[in-house]
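> What follows is a predicted structure for the sequence shown.
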Amino acid sequence: METPLTYSGTGMALTENAEGVRLTSYQDSGGIWTLGFGHTAGITEGMNCTMEQAYEWLQEDTQSSADAVNRLVNIQLDQNEFDALVDFVYNLGVGSFSSSTMLKLINQGNLHDAALEFQKWDHCGGKVVQGLLNRRIAEQKEFNHN
């Protein structure tokens, strides 16, 4: 069995940049209460956190996403591909990734077509969200090593 990959500093920067940080809870574009760098577990209206807590949640949440990518992908990825997928899972959730065409294509070894799937995940509430499209483009570039 291959050694599990770990999320790199480059990947973490991708997530931090895409999420931004807010120390007061807010509803994301899907109406989900969010705090810190996109943390959602247990978050409700009116909550606050410190930068230290935001970074702690970011570390925990990206580790959970990295674990999921290591568990679900059955081919060897390089660091860029792994980082792109961890950010994707961090944003969309394990369930979305586990049932995606992207994952099926990756596990078939078809990385070219898998990369084309990123931009299909740019909608929220049936509408294209520019921030999601920008994030998917950044993930796709990372995945393709550009």
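Received the coordinates, thanks. Quick caveat, the model's predicted, so the values are computed rather than measured.

> give me the number of residues near the nearest residue to residue 138 once chain neighbours are set aside?
Of all residues beyond its chain neighbours, the one nearest residue 138 is residue 14 (6.2 Å), with distances taken as CB to CB, 6 or more residues apart in numbering. The C-beta positions use only the backbone N, C-alpha and C, and glycine is treated the same way. A count of neighbours around residue 14, defined by other CB atoms under 10 Å, yields 23.

> to the chain's geometric centre, what's the distance from the strand or helix carrying residue 14?
Element membership of residue 14, judged by DSSP states H and E, is helix 9-19. The offset between the C-alpha centroid of helix 9-19 and the centroid of the whole chain comes to 9 Å, using CA atoms, centre = their mean, to the nearest Å.

> quick one: buried residues of it?
Neighbour-count burial for helix 9-19, counted by 16 or more other CB atoms under 10 Å, picks out 11-12, 14-16, 18-19.

> what's the answer for stretch 22-39, then?
Along stretch 22-39, these residues count as buried under the neighbour rule (16+ other CB under 10 Å): 22, 25, 33-39.

> From one end of it to the other, what's the distance?
As for stretch 22-39, its first-to-last residue distance stands at 10 Å under the measure CA to CA, to the nearest Å.
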